[in-house]
Each structure stands twice: as structure tokens, then as C-alpha cells.
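J.: make a model of this:
(one chain, ligands or ions: 1)
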Amino acid sequence: MRTYFKKRYNSFLFALKGINAAVRSEPHMRLHVLSALVVVVAGFAFGVTKVEWCLLAGSIGLVITAEIFNTSLEALTNLVSPEFNPLAGKVKDLAAGAVLIAAVTAAVVGTIVFLPYLLLFVDLYFQ
Ligand SMILES: Nc1ncnc2c1ncn2[C@@H]1O[C@H](COP(=O)(O)OP(=O)(O)OP(=O)(O)O)[C@@H](O)[C@H]1O
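T.: Below is the predicted model of the structure:
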């Protein structure tokens, strides 16, 4: 039983190591994390509802998960095919496409959630 929990704990540490590696090596990942922080601050500032928090948290998770998979696939592709290969390029393009779709989805959700609050804010303070 002790070994079981020790193994789960180690797996958790390896996962944290992976997240840390993605943040350290990928400028895009740092941009996603920064955007997530801005969204969280804006969420508290505007007092968004529980459902809106769920949508925002889901969007943040989607983008960061996609970026980590993208980073992982890039590393694996560079390992397997360091030389030029159309298939290696396709793998990287597909992974980058997944990140783009996740980011556009998050931007749409963010706009739908925050636009009414922003319009109200402008109406209150600048009219
Ligand atoms: N080994 C390869 N063979 C063929 N095309 C490749 C190869 N490596 C990269 N490419 C092409 O170049 C593009 C950019 O690849 P690169 O490895 O520089 O990733 P990136 O998009 O710049 O990601 P990041 O900035 O996160 O490192 C790929 O999307 C792919 O189209």
C-alpha cells in the first residue's frame, strides 16, 4: 500500500516536472500562463458568475493542455526526425493547429463572458 502511494506521488512529481519544463522552454506557454493570470484577475475584478468561472477555467485548461501536448509532440518529433521530413512537419503543423483552435475557442469564450462587463464598465465610468 505504501509503495502504491509512493508511486502515485512520484507520478505527480513527474507531471509537475513536465509542466515546469513547458513553462521554462516555451515562450508560447509563458504567454498562455500570463493570459490565464489576466483572465483570473479580470474575473475577480468584474465578479463573474460561477458558470462563467467554469467556462473560463475550462478554456484556460484547454489552451494550456493543448500547448503542453504540442510541446511534447515537438520534442518527440525532433528526437525521432531531427532531419527534414514532410511527415515530421505535418505532425508539428497538426499539433500547432490544435493549439490555435484551443486559443481561438478561449478567445471567443473570453469575449462572450467579458464583453457585457466591459460595456457596463464603460457605460458607468465614461458616459
Ligand atoms: N523535421 C522537420 N521536417 C519538416 N518540417 C519541419 C521539421 N521541423 C519543423 N518543420 C516545419 O517548421 C515548422 C516550425 O517548426 P518548429 O520546430 O520551429 O516549431 P515552432 O512552430 O517554431 O514551435 P516553437 O516556437 O514552439 O518551437 C513546423 O510547424 C513544420 O511545418
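J.: roughly how far does residue 18 sit from residue 12?
T.: Noted for residue 18: a distance of 11 Å to residue 12, by Cβ to Cβ, to the nearest Å. In short, each C-beta sits where N, CA and C put it, glycine included.
J.: if you count surrounding residues, which of those two has more?
T.: It is residue 18, of residue 18 and residue 12, that has more neighbours when counted by other Cβ atoms under 10 Å, with 13 against 10.
J.: where does pLDDT dip in the chain?
T.: Within the chain, no range satisfies pLDDT under 70.
J.: which residues of it lie near the ligand?
T.: Selection of the chain residues close to the ligand by Cβ under 6 Å from any ligand atom yields 26, 28, 74, 81, 84-85, 88-89, 92-93, 96.
J.: mind listing what's buried along the host helix or strand of residue 33?
T.: If you go by DSSP states H and E, residue 33 is part of helix 27-46. Buried residues in helix 27-46, defined by neighbour count with 16 or more other Cβ atoms under 10 Å: 29, 32-33, 35-36, 39, 42-43, 46.
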